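Undergrad: Quick one, fold the following:
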Amino acid sequence: KTNHDGGGGGWGGGGGECRLIHLARNIPPSLAGNAFSPFDNEVRQCFAECTAVDTSDSAWQQAQLSLSRGGLGMRRVSYHSPAAYLASAVSSGLSYEVCRYLHHSVDLYNNLVDPPDSLTLDFVDNSCSSTTQKFLSNKIEDCQFRKLFNNSTPIDRARLLSISSPHASAWLSVTPSPSIGLHLEPSEFQVAIKWWLGIPVAQGQSCTQCNAALDAYGHHALCCKLGGDAVSRHNKLRDIFNDFCHRACLAPQLEMGGWSREHTCSADVLVPNW
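TA: Residues are numbered from 1 along each chain as shown. Next comes the predicted model:
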């Protein structure tokens with residue numbers, strides 16, 4: 001979020017994310033930390049204004065994770081500034097013997113990661129250029145995810161494991177295509193974001209399909225057997241397979257029950273001459 005007031009030179013006149021990351025790589029966290037925190041607060045406020053979604057502290061903690069960890073990629077610059085500065089120091093060959101700020105940066109970084117991932121000054125001084133900012137930031141995010149997971153309820157843990165699985169966040173990184181119907185309406189996007197972050201989406205409502213009471217987090221809507229997403233996916237796959245069989249002239253039949261003595265259950269798609 002930037003304030004275009006015609007200046008652009010200071011923090012309030014255009015402190016965009018790219019500029020903040022550039023500063024984090026070049027300014028020690030001990031000097032710039034007080035400037036990064038207000039920017040992080042502005043990002044949270046901007047997110048709430050753009051999406052009309054108010055996040056709790058735990059939900060915003062999740063949003064600050066990368067997409068692959070079930071977040072929204074809203075990384076806190078104040079959290080990742082030690083990683084940015086240390087990676088910059090390593091790539092430039094800066095020695096801790098001539099830079100007193102590296103001591104404090106290492107301490108700040110070690111407070112943000114698990115003990116096995118902590119660094120020493122010798123490592124920073126002797127490390128190679130492969131120790132990138134991405135590598136160090138990933139260690140910080142690993143620790144953040146573990147803390148969030150350990151402090152969550154069993155239901156939230158299941159959700160976190162689900163949304164951090166491979167390709168689960170693909171819907172957040174694709175380009176919407178309204179012309180072919182591949183897009184989300186604002187209300188749909190708000191509900192999806194709330195479910196993604198574990199924010200209540202229903203209060204005192206009932207399911208329009210089975211009249212069951214909807215839980216606050218919308219889990220029933222995802223698994224309702226009378227018209228939920230599980231049924232929709234099943235029916236779409238059934239119809240696609242049925243269409244393929246029609247094209248192959250296999251004379252398929254939909255929802256055939258008790259079609260033989262050996263098979264008493266119904267067939268979603270029956271292909272008699274399979």
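Undergrad: Flag the shaky bits of the stretch 51-200 of the chain, pLDDT-wise.
TA: The stretch 51-200 of the chain contains residues with pLDDT under 70 at 94-98, 124-130.
Undergrad: ok, which stretches of it are helices?
TA: In the stretch 51-200 of the chain, the segments counted as helices under DSSP state H, counting those that start in this stretch are 57-63, 77-92, 101-110, 121-126, 133-150, 154-163, 186-197.
Undergrad: Show the contacting residues for the residue sitting nearest the centre point of the chain.
TA: The central residue of the chain, meaning the one whose C-alpha is nearest the mean C-alpha position (CA atoms, centre = their mean), is residue 71 at 2.4 Å. By CB atoms under 8 Å, 6 or more residues apart in numbering, residue 71 lies in contact with 62, 63, 64, 65. Every C-beta, even on glycine, is put in place using the N, C-alpha and C of the backbone.
Undergrad: can you pick the most crowded of these?
TA: With neighbours taken as other CB atoms under 10 Å, the top of these is residue 62, carrying 28 neighbours.
Undergrad: ok, residues contacting stretch 79-89?
TA: Residues from elsewhere that reach stretch 79-89 (CB under 8 Å, 6+ apart): 21, 24-29, 32-33, 36, 64, 94, 99, 101-102, 105-106, 108-109, 112, 119, 124, 131-133, 135-137, 139-140, 144.
Undergrad: List buried residues within those.
TA: With neighbours counted by 16 or more other CB atoms under 10 Å, those contain buried members at 21, 24-25, 27-29, 32-33, 36, 64, 94, 99, 101-102, 105-106, 108-109, 112, 119, 124, 131, 133, 136-137, 139-140, 144.
Undergrad: if I look at the residue nearest to the centre of the chain, how far off is residue 197?
TA: According to CB to CB, to the nearest Å, residue 71 stands 9 Å off from residue 197.
Undergrad: shared neighbours of the two, which are they?
TA: Both residue 71 and residue 197 are contacted by 62, 63, under the criterion CB under 8 Å, 6+ apart.
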